[in-house]
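**Student:** Return a 3D structure for these sequence lines:
(4 chains)
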Amino acid sequence: MSAYSTSEMMTVAAARRLKNGAVCFVGIGLPSKAANLARLTSSPDVVLIYESGPIGAKPSVLPLSIGDGELAETADTVVPTGEIFRYWLQGGRIDVGFLGAAQVDRFGNINTTVIGDYHQPKVRLPGAGGAPEIAGSAKEVLIILKQSHRTFVDKLAFITSVGHGEGGDHRQRLGLPGAGPVAIITDLCIMEPEAGSNEFVVTSLHPGVTREQVIENTGWAIRFADQVAVTAEPNTTELEALRALEARTAAAHGQKGGDE
Amino acid sequence: MSAYSTSEMMTVAAARRLKNGAVCFVGIGLPSKAANLARLTSSPDVVLIYESGPIGAKPSVLPLSIGDGELAETADTVVPTGEIFRYWLQGGRIDVGFLGAAQVDRFGNINTTVIGDYHQPKVRLPGAGGAPEIAGSAKEVLIILKQSHRTFVDKLAFITSVGHGEGGDHRQRLGLPGAGPVAIITDLCIMEPEAGSNEFVVTSLHPGVTREQVIENTGWAIRFADQVAVTAEPNTTELEALRALEARTAAAHGQKGGDE
Amino acid sequence: MADLLSLSEAVQRFVHDGDTVALEGFTHLIPTAASHELIRQNKRDLTLVRMTPDLVYDLLIGAGCAKKLIFSWGGNPGVGSLHRLRDAVEKGWPQPLEIEEHSHADLANAYVAGASGLPFAVLRAYAGSDLPTVNPMLKSVTCPFTGEVLAAVPSVRPDVTVIHAQKADRKGNVLLWGILGVQKEAALAAKRCIVTVEEVVDDLNAPMNACVLPTWAISAVCEVPGGAHPSYAHGYYERDNRFYQAWDPIARDRDSFNAWVDEYVRGTRDYAEFRHKLAHANAGEAN
Amino acid sequence: MADLLSLSEAVQRFVHDGDTVALEGFTHLIPTAASHELIRQNKRDLTLVRMTPDLVYDLLIGAGCAKKLIFSWGGNPGVGSLHRLRDAVEKGWPQPLEIEEHSHADLANAYVAGASGLPFAVLRAYAGSDLPTVNPMLKSVTCPFTGEVLAAVPSVRPDVTVIHAQKADRKGNVLLWGILGVQKEAALAAKRCIVTVEEVVDDLNAPMNACVLPTWAISAVCEVPGGAHPSYAHGYYERDNRFYQAWDPIARDRDSFNAWVDEYVRGTRDYAEFRHKLAHANAGEAN
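**Tutor:** Prediction:
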């Protein structure tokens, strides 16, 4: 196996979670990169929906914006943004909502709004976008982000998009239709909700990553599942597809796309 | 002036009420015939909207159904039926709603539902269709139908689509945005709402029609305005355009269209 | 992913007795072939939803398939009454028919709400109308911002929707154009959806913002050329206005209706055979 | 009927200080030229509505035109922060900016409700989110049929909407295609609507079910080629990704922002001159 970066491991591990044929509502950036890698490798029939309107997009390079022209050109159809949210997401037709995040907590709740007080913000983040309703209505949610003390926090300043809320059956009590986040994929590991508590625990460590590294880079007292697997390394097909995708993207856009 | 039928007089009189450039929501049958006559004579820029979806239809023959193919082919665009009712009618963009009726009362309320008891009907009529919301939301409403004791009734068995309700300012009290019916055009006369009471009174008699004829053919004690005009006879342009339209329609469909 | 099936198999697999069924198509693309197949398979106790019942439901009602009708305008367009619908409502033949009556704006909004996964739709409707006095499903909601009172109607969420479209590709993606009616909304509001199409092609060649239903959003695609007769399929064939007129005397009388259905629907194996028989009869008449 | 006007005249005639203004365009067809003209005419106290404020509102906020922002995602897509937006929110520069924050689904529904003449929209949203704790305009309604509690949000009904489209014909009918965003809804939700277009043509040649805005539904059409830069106009030009990146250092600093606006916006007579100057500067940079 050739050498690979932790970022590549994260993208490949996330791509593997998308089953062939799944209908996936894709956020821009890391989710879009992983979803397109899945489409170009294990899951050629994954259906990619972007909130700007394209249904069944098959871009050859990564979009830099959520509404790049190539998404429209390669889609089965392009519908108004209102329809995407109304008929397709809220209508219950999305299998997987694929989200990034600025911060996440132990129950998979997401903050993309603000750090510090809302009215006296320390850092003003971009805000909700499509995430709250993707998190609410997709049948299941995957979250992908780089792991650090600043991103995996004990208490979110603001819950923009709900995961398992306060844990346990809180999500059901809120009346949310979807199952919520089923995995958080980082550059260090994969976390999944523990049965019952729905607290995220580490279920798979990426090759070479130690428990200590994960603990150091998590803002809460992260726990490990009874059985912790080691994530399979990226294989040649995956790595080549990912690197070719990034090279095509750089050639087309003058920037790599998907890492912001 | 050549001889003309009462039916032609009715259609011509109705067509004249459509101002050039007006956006008109057209019912099938008599309204569609009058609206298209207007478009072909005095009001070339009248905009015809059919509830099936065509916006700006310019058919060369009368449609037999509310969704004939020629409506789509000649329209500026064709939108889903839901959008017609939501964005265009309810959105407040219709100047004139042009309706037929099975029965009408002195306040311009319309019955197209049932004769006799709703649950034990004497005659089951087709029902509401688009009329209730056209009557409610168009800025103003024109009603066209042949006059008789059976169609101009003292008390409707059923109010399908509201006109001026119980008269006076009842319509405003109901919170309805549009002005309601501003004219009823029949084969005998034109009626308009009396200021204040909003009861329909005769304001123009078609040439050769007597007050007695109108009284005989009205199921309520019909009143006449202080000034009753005589409707101008159909001119040659109007008659020729109408007859040519009906001839084209008969040739295309094997039936005249617009009289049902 | 939609399966490419015969209409017979699709109806067998996806429509069950007692289902709420919507056959939609507003004047254009009315799925008549599907109504014939429902009669051939003797589906019973259906709750039928459709804005304009038209001939397609006159058939189903007269053939005894329906226990309830949800609708907003029930006539034979350009001709007159739907006699089987009236006979069922006025005289309870062949069996009593419960009716739930709306307006077009209401049902169109109700399909939109159904497709949107909402339990109800909000619209400006029914003020001053008697319809709410006979339909208890017409309620109201108050705007929490302005205090305005608006109509609230239940969304339509059928067990099965059937629509007819012009084209599908071999994967089962569907394209329709022209008068779109509420077909897309009806399809997306339903638990299961059957689409009959004029033809299956290699490539839809759809304009970028065309009305396309992706294969994974529907259950079955069935190639049934002419399946929208006597309505029309834009780009394929025109409305058969004479058939709408011919229907009036056929449906006016119970016996003539029964004879027609026995001969042309129950007496044919499928829609292709029906079309053949009808063409033959029309040719004979013309002689 | 829409008037065919210069953009300068259209903004003069239809946009007033204190108006609620929506410049819409979701990634595609962003009406940048209009924002420049608003700055040139020094419009003040605007309430700006837009799902993605993007560079187009970073400009207006930094130039002091806005008193309030209603939005759902405020970043420089693919690059990072909107520095002028952040500076206004975090430090009140050049003046305090009131913000009212929603989600995309909420604002998209709010435009749909606005276009539909309704005072509010109903959607499944915000359960478990903190947004309702900071935005009192996020309320709820109860379904009168099922008892479900759903989110209720106020509809968006701007005084003026501005969108950019590909084509208009000489009567002022407008055609757009590709990523449609919420433009049609924003246009129809507004009291007045200005459409800038890439070109005015004799015949739109629109597909039958294309997104067309009829001339009588809008106030003015202005031919402004390139008017969506740095976003793109499908069929005309691509997204200028480098400009989005170049914007970051320009907007990061108050002085460099002011200098840029003085030079490129206030320092040009119209958008054509702006494009000329920008092209010139880019060419100079490349040398």
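
**Student:** Could you check the lengthiest helix in chain A against chain D for contacts?
**Tutor:** If each helix of chain A is counted by residues according to DSSP state H, the longest one is helix A:236-253. Yes - using CB under 8 Å from any CB of the partner chain, helix A:236-253 reaches chain D at A:His253. Every C-beta, even on glycine, is put in place using the N, C-alpha and C of the backbone.

**Student:** residues making contact with stretch C:4-21?
**Tutor:** Applying CB atoms under 8 Å, 6 or more residues apart in numbering or on different chains, the contact partners of stretch C:4-21 are C:3, C:33-34, C:37-38, C:40-41, C:43-49, C:157-162, C:168, C:170, C:172, C:192, C:194, C:196, C:200, C:219-224, C:227, C:270-271.

**Student:** wait, stretch C:87-103
**Tutor:** B:113, B:121, B:124, B:127-133, C:61-64, C:66-72, C:85, C:110, C:125-126, C:129, C:131, C:134-135, C:137-138, C:153, C:254.

**Student:** List the strands paired with the lowest-mean-pLDDT helix or strand in chain A, with their directions.
**Tutor:** Lowest on mean pLDDT, DSSP states H and E among the helices and strands of chain A sits strand A:121-124, with a mean of 90. Using DSSP bridges, the strands paired with strand A:121-124 are strand A:114-116 (antiparallel).

**Student:** quick one: buried residues of the partner strand?
**Tutor:** Buried residues in strand A:114-116, counted by 16 or more other CB atoms under 10 Å in any protein chain shown: A:Val114, A:Ile115.

**Student:** list the helices and strands the helix or strand bottoming out on mean pLDDT in chain C packs on?
**Tutor:** Each helix and strand of chain C was given a mean pLDDT (mean pLDDT, DSSP H and E); the minimum falls on helix C:271-286 at a mean of 90. Packing contacts for helix C:271-286, counted by 3 or more CB pairs under 8 Å, 6 or more residues apart in numbering or on different chains; DSSP states H and E, involve helix C:32-40.

**Student:** and the next element down the chain from the least confident helix or strand of chain A?
**Tutor:** For strand A:121-124, the following helix or strand on the C-terminal side (DSSP states H and E) is helix A:131-137.

**Student:** can you list contacts of that next one?
**Tutor:** If you take CB under 8 Å, 6+ apart as the criterion, helix A:131-137 is touched by A:25, A:27, A:85, A:89-90, A:92, A:94, A:97, A:99, A:101, A:110, A:112, A:141, A:160-163, A:176-178, A:180-181, C:117, D:103-106, D:123-129, D:131.

**Student:** Could you give me the PyMOL selection string for whichever of those are buried?
**Tutor:** Applying 16+ other CB under 10 Å to the contacts of helix A:131-137, the buried members can be selected in PyMOL as follows:
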select buried, (chain A and resi 25+27+85+89+90+92+94+97+99+101+110+112+141+160+161+162+163+176+178+180+181) or (chain C and resi 117) or (chain D and resi 103+104+105+106+123+124+125+126+127+128+129+131)
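
**Student:** Need the nearest residue in space to residue 165, chain neighbours excluded.
**Tutor:** Looking at chain A here, since you left the chain open. Closest residue to A:Gly165 apart from its sequence neighbours, by CB to CB, 6 or more residues apart in numbering or on different chains: D:Gly128 at 5.0 Å.

**Student:** Actually, chain C is the one I wanted.
**Tutor:** In space, C:Ala165 comes closest to C:Leu176 once its chain neighbours are excluded; the distance is 4.0 Å by CB to CB, 6+ apart.

**Student:** since we're on the one you found, how many residues are nearby?
**Tutor:** Neighbour count for C:Leu176, taken as other CB atoms under 10 Å in any protein chain shown: 30.

**Student:** In contact with it, which residues are there?
**Tutor:** By CB under 8 Å, 6+ apart, the residues touching C:Leu176 are C:Leu29, C:Ile163, C:Ala165, C:Gln166, C:Lys167, C:Gln183, C:Lys184, C:Cys211, C:Leu213.

**Student:** Between all of these, which two are separated the most?
**Tutor:** The largest separation in the contacts of C:Leu176, counting by CB to CB, is between C:Lys167 and C:Lys184 at 14.7 Å.

**Student:** near chain D, which residues of chain C show up?
**Tutor:** Near chain D, when you scan chain C using CB under 8 Å from any CB, you find C:117-120, C:122-124, C:137, C:139-141, C:143-146, C:148, C:150, C:152, C:154, C:177-178, C:180, C:207-211, C:234.

**Student:** which residues in the stretch 151-260 of chain A form strands?
**Tutor:** A:181-185, A:189-193, A:200-205, A:224-230 (DSSP state E, counting those that start in this stretch).

**Student:** now the last one against strand A:200-205, angle please.
**Tutor:** Same thing as strand A:224-230. Strand A:224-230 and strand A:200-205 are oriented at 30 degrees to each other (axes from the mean of the first three to the mean of the last three CA atoms, to 10 degrees).

**Student:** Does anything pack onto the longest helix of chain A? Which helices or strands?
**Tutor:** Under the contact definition 3+ CB pairs under 8 Å, 6+ apart, helix A:236-253 sits against helix A:6-16, helix A:30-40.

**Student:** most tightly surrounded among these?
**Tutor:** Ranked by mean neighbour count under mean count of other CB atoms under 10 Å in any protein chain shown, the helices and strands packed on helix A:236-253 are led by helix A:30-40, which reaches a mean of 27.

**Student:** so how many other residues sit close to the closest residue to chain C within chain A?
**Tutor:** Nearest to chain C in chain A, going by CB to the nearest CB, is A:Thr77, at a distance of 3.7 Å. A total of 21 residues lie near A:Thr77 under the criterion other CB under 10 Å.

**Student:** Would you check how far apart it and B:Gly21 are?
**Tutor:** 35 Å (CB to CB, to the nearest Å).

**Student:** Check A:Thr210 too.
**Tutor:** 76 Å.

**Student:** who are the neighbours in contact with residue 34?
**Tutor:** Because you didn't say which chain, this covers chain A. Counted by CB under 8 Å, 6+ apart, A:Ala34 has contacts A:Thr11, A:Ala14, A:Ala15, A:Leu18, A:Phe98, A:Ile144, A:Ile185.

**Student:** that's the other chain; I wanted chain C
**Tutor:** C:Leu7, C:Val11, C:Leu23, C:Val162, C:His164, C:Ile194, C:Thr196, C:Gly227.

**Student:** And the residues you listed, which is closest to B:Asn235?
**Tutor:** Nearest to B:Asn235 among those: C:His164, at 45.4 Å, using CB to CB.

**Student:** list the contacts for the closest one?
**Tutor:** Per CB under 8 Å, 6+ apart, neighbours of C:His164: C:25, C:29-34, C:195-198, C:224, C:227-228, C:233.

**Student:** Pull out the buried residues from those residues.
**Tutor:** C:25, C:29-34, C:195-198, C:224, C:227-228, C:233.

**Student:** Among those, which lie within strands?
**Tutor:** Among the buried ones among the contacts of C:His164, DSSP state E puts C:Val195, C:Thr196, C:Val197, C:Glu198 in strands.

**Student:** What is the nearest of those to chain D?
**Tutor:** C:Glu198 (16.2 Å).

**Student:** Quick check, pLDDT for the closest one.
**Tutor:** C:Glu198 carries a pLDDT value of 98.

**Student:** my read: it touches C:Ala233, true?
**Tutor:** Yes - using CB atoms under 8 Å, C:Glu198 makes contact with C:Ala233 at a distance of 5.3 Å.

**Student:** what residues are shared contacts of those two?
**Tutor:** Common contact partners of C:Glu198 and C:Ala233 (CB under 8 Å, 6+ apart): C:His164, C:Gln166, C:Gly226.
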